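*Asks:* Dropping a prediction and its sequence here:
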Protein chains: 2
Amino acid sequence: MSAFEARIKETAALVEAALDRHLPRRSGPLGRVVDAMRHGALDGGKRLRPFLVIAAADMFDCPRERSIRAGCAVEMIHCYSLIHDDLPAMDDSDLRRGRPSVHKAFDDATAILAGDALLTQAFEILAEPATHPDAAVRCRLALELARASGREGMVGGQMIDIYAEQKNFDLASIEELQRLKTGAIIRFSAIGGGIVGGAGEPEITALRQYAEDLGLAFQIVDDLLDVFGDAVSLGKPVGQDADMDKATFVKLLGPEGARDKARSLVDRAKSHLDRFGARSDALKGAADFVFARKN
Amino acid sequence: MSAFEARIKETAALVEAALDRHLPRRSGPLGRVVDAMRHGALDGGKRLRPFLVIAAADMFDCPRERSIRAGCAVEMIHCYSLIHDDLPAMDDSDLRRGRPSVHKAFDDATAILAGDALLTQAFEILAEPATHPDAAVRCRLALELARASGREGMVGGQMIDIYAEQKNFDLASIEELQRLKTGAIIRFSAIGGGIVGGAGEPEITALRQYAEDLGLAFQIVDDLLDVFGDAVSLGKPVGQDADMDKATFVKLLGPEGARDKARSLVDRAKSHLDRFGARSDALKGAADFVFARKN
């Protein structure tokens, strides 16, 4: 295991433990919604978004108890969006991370409410004084997360993904879609770490530039994985995009072109962090990890 | 029209105009989610919850532009909950306020996303500096609203309403359900008005006591209207509770007993405001209005 792999695993374990504490079990019907929230939010894999929050905050010597809280908030937003996206009315996915999705393990009504409750709790966590002693910092976190996840961010991207005639999309349209659907939350993660860590505006700008390139690279690699199963080795096709009519980065650029674009975006993402020197090794490692990931 | 009726109409018009400004139309798929949010949030009737926010804030000479923003936030929470509750997976209601519900006017996916976006925007509005120059006030508003509307508040109440064996409920269980499902947001509305208006803690406590009694009275009147169509005249039955097995205030107390309980709760709610003198006339009028309402 590389030093980076060890670090992302260690962070994921911290986030998992914190999410577990934020979602204490209860009895009765209130217990049912908590169980559904736990099903959708725990055992959650890499925890890339909280990793970005925490690694960015670490650069400014932010106490971990603060950055982990901000990381939990963004992960709750990510997990609520997966729960709602999996619903029959949306993507109708029965499986998520190899387990039944929340509406299969419970039912549609419980999944809707569990998603609503996770979305709400994200803002509860950010607004609580334990996240940062300065209310202005907490408010800015809440404001940036709301903008990243609402109708001009993640939800808007999901609407475009469902309703736009994507077969006619050109590269600029796909980039705009992904900037909203997946990019906005990744961007929040990096700058949110800077905000909770007390970074200055030039430093937050550098984090934003890093995250914008990283978010796009993340999505291009997703497209490659969807076709080939392995973005780097470019082996034989192991999957197909569910909707053959959809324009994707792979279709528009070709596999080699998409891979080259992801690689150059990752390199540029890292270059935005040069001002931070060795302090940015974790975030640079995350960029390489996004490019090399197998799932 | 009574002075109170004129006042609640005037406030509803201010809230309607503000919600319209918070939800500017757009083109394309992003326009579709905004249209669905507008369908669910505009032309919304009495606006009782924003009225409580604004009337409570008025007692402390709060600038209206601040209290209207806080009122819009709570109304967005209320409207998102109606959009999600109406979904086929939940109450499956095709009509809302005499118009097609959002999932009928659009579709289920759009209704889910429009609800998510309204929920998110409520916190965006509270976190924005225009709501109050002091970030500590904005954070407290966001924290109180999140607690009122999440799994230990409105969402939790909805879970109990769907999954509890309510035919066996006693009076204490029904009161607990309603304290969460409808009471928590009404409670937030009154204390949120105090918070944005700069009320002291004893004043906020009085507002909380007022709102707790008012919220319970509101629900008892709802039960009466569901059976008789008119809570005050107690005319012949015009409707039936959809689920005959459910325990309600009317079933447990009888029509006269329920009416008496609502009346005494309204009187007690008003008495908590005596400390404010004539400044509390609007909130006292709201309590009488809740008792006398016909729909």
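*Replies:* The structure has been received and is ready for your questions. Because the structure is predicted, anything quoted here is derived from the model rather than measured.
*Asks:* how close does residue A:295 get to residue A:221?
*Replies:* 10 Å (CB to CB, to the nearest Å). The way it works is simple: take the backbone N, C-alpha and C, and place the C-beta from them, glycine included.
*Asks:* do residue A:227 as well
*Replies:* For residue A:227 relative to residue A:221 (CB to CB), the value is 11 Å.
*Asks:* When these two are compared, which one has more neighbours?
*Replies:* residue A:221 (24 against 19; other CB atoms under 10 Å in any protein chain shown).
*Asks:* Do any residues in the lowest-mean-pLDDT helix or strand in chain A lie close to chain B?
*Replies:* Counting by mean pLDDT, DSSP states H and E, the weakest-scoring helix or strand in chain A turns out to be helix A:171-178, with a mean of 90. No. Helix A:171-178 is not in contact with chain B by CB under 8 Å from any CB of the partner chain; minimum separation 9.1 Å.
*Asks:* Give me the buried positions along that helix.
*Replies:* A:173-174, A:177-178 (16 or more other CB atoms under 10 Å in any protein chain shown).
*Asks:* For it, enumerate the helices and strands it packs against.
*Replies:* Applying 3 or more CB pairs under 8 Å, 6 or more residues apart in numbering or on different chains; DSSP states H and E, we find helix A:171-178 packed against helix A:154-163, helix A:201-228, helix A:249-271.
*Asks:* Nearest to chain B among the buried residues of helix A:171-178?
*Replies:* Within the buried residues of helix A:171-178, proximity to chain B (CB to the nearest CB) peaks at residue A:177, which comes in at 9.1 Å.
*Asks:* Please give me every residue in contact with that closest one.
*Replies:* Residues near residue A:177 by CB atoms under 8 Å, 6 or more residues apart in numbering or on different chains: A:157, A:160-161, A:164, A:166, A:169.
*Asks:* Strands of chain A, residue ranges please.
*Replies:* With DSSP state E as the criterion, chain A has strands at A:95-96, A:99-100.
*Asks:* Could you identify which of those strands is most buried?
*Replies:* Stretch with highest mean neighbour count among those: strand A:95-96 (a mean of 16; mean count of other CB atoms under 10 Å in any protein chain shown).
*Asks:* burial of residue A:255, as a residue count?
*Replies:* Residues near residue A:255, counting by other CB under 10 Å: 17.
*Asks:* give me the number of residues near the residue nearest to residue A:41 when sequence neighbours are not counted?
*Replies:* Using CB to CB, 6 or more residues apart in numbering or on different chains and skipping residues adjacent in sequence, the residue nearest residue A:41 is residue A:79, 4.4 Å away. Number of residues near residue A:79 (other CB under 10 Å) recorded here: 25.
*Asks:* how close does residue A:79 get to chain B?
*Replies:* 13 Å (CB to the nearest CB, to the nearest Å).
*Asks:* pretty sure that residue contacts residue A:47?
*Replies:* No. Using CB atoms under 8 Å, residue A:79 makes no contact with residue A:47, being 10.3 Å away.
*Asks:* Tally up the residues packed near residue A:150, please.
*Replies:* 23.
*Asks:* what's the answer for residue A:154, then?
*Replies:* 26.
*Asks:* can you tell me which residues contact it?
*Replies:* A:77, A:81, A:148, A:180-182, A:184-185 are the contacts of residue A:154 under CB under 8 Å, 6+ apart.
*Asks:* ok, and which of the residues you listed reach chain B?
*Replies:* Answer for the contacts of residue A:154 near chain B: none qualify (CB under 8 Å from any CB).
*Asks:* Skipping adjacent residues, who's closest to residue A:104 in space?
*Replies:* Of all residues not flanking residue A:104 in the chain, residue A:94 sits nearest, at 5.1 Å (CB to CB, 6+ apart).
*Asks:* now do residue A:84
*Replies:* residue A:115 (4.5 Å).
*Asks:* Contact partners for the one you found?
*Replies:* Contacts of residue A:115 by CB under 8 Å, 6+ apart are A:40, A:80-81, A:83-84, A:102, B:116.
*Asks:* Redo those residues as JSON lines? Include neighbour count, pLDDT and distance to residue B:29.
*Replies:* Converted to JSON lines, the contacts of residue A:115 look like this (neighbours: other CB atoms under 10 Å in any protein chain shown; pLDDT from 0 to 100; distance: CB to CB, whole Å):
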{"residue": "A:40", "neighbour count": "29", "pLDDT": "97", "distance to residue B:29": "26"}
{"residue": "A:80", "neighbour count": "28", "pLDDT": "98", "distance to residue B:29": "20"}
{"residue": "A:81", "neighbour count": "24", "pLDDT": "98", "distance to residue B:29": "17"}
{"residue": "A:83", "neighbour count": "29", "pLDDT": "98", "distance to residue B:29": "21"}
{"residue": "A:84", "neighbour count": "29", "pLDDT": "98", "distance to residue B:29": "17"}
{"residue": "A:102", "neighbour count": "30", "pLDDT": "98", "distance to residue B:29": "25"}
{"residue": "B:116", "neighbour count": "28", "pLDDT": "98", "distance to residue B:29": "15"}
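*Asks:* just curious, which of those residues is nearest to residue A:215?
*Replies:* Comparing those against residue A:215 with CB to CB places residue A:81 closest, at 14.6 Å.
*Asks:* Need the mean per-residue confidence for stretch A:257-276.
*Replies:* Stretch A:257-276 comes out with an average pLDDT of 97.
*Asks:* so where's chain A shaky on pLDDT?
*Replies:* Applying pLDDT under 70 to chain A flags residues A:230-245.
*Asks:* Try it again at 50.
*Replies:* Residue ranges of chain A with pLDDT under 50: A:231, A:233-237, A:240-242.
*Asks:* quick one: contacts for the residue positioned nearest the centre of it?
*Replies:* The structure's chain A has its C-alpha centroid closest to residue A:49; by CA atoms, centre = their mean the separation is 4.5 Å. Shown in contact with residue A:49 (CB under 8 Å, 6+ apart): A:71, A:74-75, A:78, A:185-186, A:189.
*Asks:* Could I get the contacting residues of the residue nearest to residue A:193 when sequence neighbours are not counted?
*Replies:* Nearest-residue entry for residue A:193: residue A:56, 2.7 Å, with adjacent residues in sequence omitted and distances by CB to CB, 6+ apart. If you count contacts by CB under 8 Å, 6+ apart, residue A:56 has them with A:189-194, A:197, A:199, A:207, A:283.
*Asks:* Quick one: end-to-end length of stretch A:33-48, please.
*Replies:* Across stretch A:33-48, the terminal residues are separated by 25 Å (CA to CA, to the nearest Å).
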